[in-house]
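> Have a look at this prediction, sequence included:
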Amino acid sequence: MLPTQSGGPGAFSHFDLNRVPSPSYVVDEQKIRSNLEVLRNIGNQSGAKVLLALKAFSMWSLASLVSEYLDGCCASGLWEARLATQKGFIQNRKTQILSTFSPAFQPAELEEICALTDHLIFNHPSAYGVEQARKSGVSVGLRINPEISLGLDPKYDPCAENSRLGYPVSKLSPTDLEGFDGLHFHTLCEQNFLPLEKTWRKIEQDLGSSLSNFKWINLGGGHHCTREDYDREALVILIQEISQKYGCQVYLEPGEAVALDAGILVGTVLDLMDGEKTHALLDLSATCHAPDVIEAPYRPALLGESKEGGYQYFLGGASCLTADSFGLYQLGVPLNRGSRVAFLDQAHYTMVKTNTFNGVALPSIALWNSTSDQLTITKKFGYEEFVNRLS
């Protein structure tokens with residue numbers, strides 16, 4: 001089980017959970033801004049261009065805030081590319097860019113993707129659409145697999161054996177690299193600086209002087225550079241070294257780092273059941289509202305969790321899936337029917353992955369400013385979101 005990377009409740013320690021509908025995601029605008037300031041400082045000091053990875057955080061009600069600080073977005077296909085350009089994540093096409101990567105592109109979508117994007121990144125040298133993209137005038141990049149596994153779990157490691165993500169560097173020939181403007185790799189997941197440095201040294205060793213042929217090098221995502229213990233100084237130095245040594249523009253694509261510790265998932269205890277252990281049955285669902293809890297798996301931190309004795313509960317999800325549980329928790333105060341609970345660090349890879357399995361309702365989305373205390377319910381979902389997905 002992967003450890004939670006939550007840095008604690010922060011400003012949410014004094015947020016009244018009863019102010020929002022249940023269930024709800026609550027995102028702290030001020031914490032998002034704080035994370036964005038860190039990322040912009042990294043860009044200013046290093047010369048890197050920093051892009052938001054929409055696959056992790058696509059809350060377009062904050063698009064103008066993101067655009068204020070970052071140099072653009074990276075998309076995973078046509079729909080995210082549309083989202084970036086239509087919802088205000090990119091507001092100045094002269095200074096901000098959209099970078100798009102997909103393992104493979106739909107033929108019917110490629111023309112529109114080329115029209116929307118600035119960097120189009122392909123998964124292997126002879127991928128479908130490479131020549132079409134070149135003719136369109138878009139800057140074309142190649143994703144590589146550096147073949148150095150430093151991830152915490154094979155499911156989240158693009159360098160794992162037989163990975164489909166990126167072309168293995170051991171198979172690259174000089175002719176494979178011809179005609180590509182940029183190089184892209186994304187091998188990290190919730191990691192500090194050292195794995196990035198080791199990965200880059202491996203790439204340098206394998207590709208050598210050919211790195212000077214690229215106009216840009218994209219270091220991908222997975223950098224937890226807004227986490228308190230991240231070695232940001234070393235990151236800045238490495239970026240400066242790459243750009244100066246190879247005469248290229250360096251890009252970063254953080255997703256989680258933009259929204260780290262910026263959101264909670266609020267729910268209600270619907271009932272309590274005594275079995276071998278006491279189950280608190282929630283209107284939340286790990287399966288539907290925080291799928292990584294089961295997919296990773298990991299145990300999210302809980303607001304008010306006690307480490308020194310107290311009341312123990314298995315916090316159970318709302319669906320019929322046996323595994324739909326957040327895990328065993330210990331609290332300093334007992335739970336009752338109607339008690340509110342909140343899981344921490346739930347802004348990223350939650351809203352973007354929700355589903356209505358079993359007819360479980362989608363959480364509302366609330367935007368809170370921890371400085372002004374202004375609260376806005378930006379979105380509520382009903383039965384229509386469930387039934388309109390079916391036929």
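Ah, there it is.

> mind giving me the domain split of the protein?
10-26+263-346+354-387, 47-259 (automatic domain parsing).

> start to end distance for the first one?
Domain 10-26+263-346+354-387 has an end-to-end distance of 37 Å (CA to CA, to the nearest Å).

> show me where the protein has helices.
29-46, 63-69, 78-86, 110-116, 130-136, 193-207, 232-246, 256-259, 286-289, 292-295, 383-387 (DSSP state H).

> Please list all residues in contact with the residue lying closest to Thr4 once chain neighbours are set aside.
Sequence neighbours aside, Ala301 is the residue nearest to Thr4 in space, at 5.0 Å (criterion: CB to CB, 6 or more residues apart in numbering). Placement of C-beta: from N, CA and C, glycine included. By CB atoms under 8 Å, 6 or more residues apart in numbering, Ala301 lies in contact with Thr4, Ser6, Gly8, Phe343, Leu344, Asp345.

> Leu302 too?
Residues in contact with Leu302, defined by CB under 8 Å, 6+ apart, are Leu315, Phe326, Tyr329, Leu331, Val341, Ala342, Phe343, Leu344.

> What about these, which are in strands?
Among those, the ones falling in strands (DSSP state E) are Leu315, Phe326, Tyr329, Leu331, Val341, Ala342, Phe343, Leu344.

> so which of those is the most crowded?
The residue in the ones in strands among the contacts of Leu302 with the most neighbours, by other CB atoms under 10 Å, is Phe343 (29 neighbours).

> Okay, and the beta partners of it?
Taking DSSP bridges, one obtains Leu265, Leu302 as the residues bridged to Phe343.

> What are the boundaries of the strands in the stretch 51-200 of the chain?
Using DSSP state E, counting those that start in this stretch, the strands of the stretch 51-200 of the chain run over residues 52-53, 72-75, 97-101, 119-122, 139-145, 167-168, 182-184.

> Now do the first one, average pLDDT.
Average pLDDT, strand 52-53: 98.

> And for the longest one?
Here the mean pLDDT over strand 139-145 is 98, rounded to a whole number.

> Likewise for the third one?
For strand 97-101, mean pLDDT rounds to 98.

> cool, and stretch 280-291?
Rounded mean pLDDT across stretch 280-291 is 98.

> Same question for stretch 348-365.
Model confidence over stretch 348-365 averages 97 on the pLDDT scale.

> Quick one: end-to-end distance for it.
End-to-end for stretch 348-365, by CA to CA: 13 Å.

> got the buried residues for it?
348-352, 354, 356-357, 360-365 (16 or more other CB atoms under 10 Å).

> Out of the helices of the chain, which is closest to Asn123?
Asn123 sits nearest to helix 130-136 of all those, at 10.1 Å, using CB to CB.

> pLDDT of that closest one, averaged?
In this model, helix 130-136 carries a mean pLDDT of 97.

> Quick check: buried residues in it?
Buried residues in helix 130-136, defined by neighbour count with 16+ other CB under 10 Å: Val130, Gln132, Ala133, Arg134, Ser136.

> List the contacts of it.
Against helix 130-136 from outside (CB under 8 Å, 6+ apart): Leu110, Glu111, Cys114, Ala115, Leu120, Phe122, Val140, Gly179.

> separation between the third one and Glu228?
So the one you mean is Cys114. Cys114 sits 40 Å away from Glu228, taking CB to CB, to the nearest Å as the criterion.

> Which one's more surrounded, these two?
Neighbour totals were compared for Cys114 and Glu228, and Cys114 leads with 21 against 9 (other CB under 10 Å).

> How much space separates the residue lying closest to that one once chain neighbours are set aside from Phe381?
Spatially, and ignoring its direct neighbours in sequence, Cys114 is nearest to Ser136 (4.0 Å; CB to CB, 6+ apart). Computed with CB to CB, the distance linking Ser136 and Phe381 is 38 Å.

> if we can go back for a sec, adding distance to Glu37, write the domains of the chain out as a markdown table.
Formatted as a markdown table, the domains of the chain follow (distance: least, CB to CB, whole Å):
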| stretch | distance to Glu37 |
| --- | --- |
| domain 10-26+263-346+354-387 | 13 |
| domain 47-259 | 7 |
